[in-house]
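**Student:** Quick one, structure for this:
(2 chains)
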Amino acid sequence: GNSVTQMEGPVTLSEEAFLTINCTYTATGYPSLFWYVQYPGEGLQLLLKATKADDKGSNKGFEATYRKETTSFHLEKGSVQVSDSAVYFCALKSSNTGKLIFGQGTTLQVKP
Amino acid sequence: EAGVAQSPRYKIIEKRQSVAFWCNPISGHATLYWYQQILGQGPKLLIQFQNNGVVDDSQLPKDRFSAERLKGVDSTLKIQPAKLEDSAVYLCASSFGLPQMNTEAFFGQGTRLTVV
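**Tutor:** Residues are numbered from 1 along each chain as shown, chains lettered A, B, ... in the order given. Take a look at the predicted model:
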């Protein structure tokens, strides 16, 4: 079946550092890919998405490119801020059933 | 636009008791999901509805969990009887259109269940 694997955390960075959070997936068909973020004390919210191969999703300085050849959707940001501290989830939506599954989450802590 | 509404926000029950959670999705959203999120883990899909029909319930522990969406709008998730390992946050989400469409899901704030 479909699955999503994220790099283990926590990831601790200094402000203005470069961020990469790795995400790989296994899926049949042509899934859509998402990054969701959960800030402390808040609910899950969509950060960005990509719906087909080579699409790049972007929002709030974050980017991720849908790479079908490597089955990856890594999240990047050029310069993180303290306010980016949160848990990030990679997710996959099946093109056949609409089933939406998540990775285990990666905690990011940004220090001033 | 109103978001996904869930209630209650918090619930504490003793093991072997029963509990129910309610979700009202965004108006017009045909697809509704229920997830269980144990502390430190990613959300685990329990059940997915398309209108009032079940699309996927392969990970729903059917001996104790049940869910319904009778009129294709709001939904109820029930646990009976609860076990200690059911302590988690229960998340409801909804998305627009057919399940196969590439639309994103919108999440409610969740219900935090503690079983003692």
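
**Student:** Please count neighbours and contacts with C-alpha atoms only from this point.
**Tutor:** Will do.

**Student:** in stretch B:25-38, what counts as buried?
**Tutor:** B:25-26, B:29-38 (16 or more other C-alpha atoms under 10 Å in any protein chain shown).

**Student:** helices or strands next to the least confident helix or strand in chain B by mean pLDDT in the packing?
**Tutor:** Sorting the helices and strands of chain B by mean pLDDT, DSSP states H and E puts strand B:53-56 at the bottom, at a mean of 94. Applying 3 or more C-alpha pairs under 8 Å, 6 or more residues apart in numbering or on different chains; DSSP states H and E, one finds that strand B:53-56 contacts strand B:44-50.

**Student:** 10 Å instead, please
**Tutor:** strand B:31-37, strand B:44-50, strand B:65-68 (3 or more C-alpha pairs under 10 Å, 6 or more residues apart in numbering or on different chains; DSSP states H and E).

**Student:** now residue 59, nearest residue through space, not along the chain?
**Tutor:** Using chain A here. A:Leu48 (6.0 Å; C-alpha to C-alpha, 6 or more residues apart in numbering or on different chains).

**Student:** actually it's chain B I care about, not the one you picked
**Tutor:** Nearest residue to B:Gln59 in three dimensions, chain neighbours excluded: B:Leu46, at 5.2 Å (C-alpha to C-alpha, 6+ apart).

**Student:** The one you found touches B:Asp56, doesn't it?
**Tutor:** Yes: assessed by C-alpha atoms under 10 Å, B:Leu46 is found in contact with B:Asp56 at 8.1 Å.

**Student:** Find the residues that touch each one of those two.
**Tutor:** B:Tyr33 (C-alpha atoms under 10 Å, 6 or more residues apart in numbering or on different chains).

**Student:** on that earlier part again, direction included, what does the least confident helix or strand of chain B pair against?
**Tutor:** According to DSSP bridges, strand B:53-56 forms sheet pairs with strand B:44-50 (antiparallel).

**Student:** partner residues bridging A:Val11?
**Tutor:** In this entry, A:Val11 is beta-bridged to A:Leu108, by DSSP bridges.

**Student:** Quick check: pLDDT value at it.
**Tutor:** pLDDT, A:Val11: 96.

**Student:** how about the spatially most central residue of chain B, what does it touch?
**Tutor:** The centroid of chain B falls nearest to B:Trp34 when counting by C-alpha atoms, centre = their mean (2.7 Å). B:Trp34 makes contact with B:23, B:43-49, B:57, B:60, B:67, B:75-77, B:90-94, B:107, B:110, according to C-alpha under 10 Å, 6+ apart.
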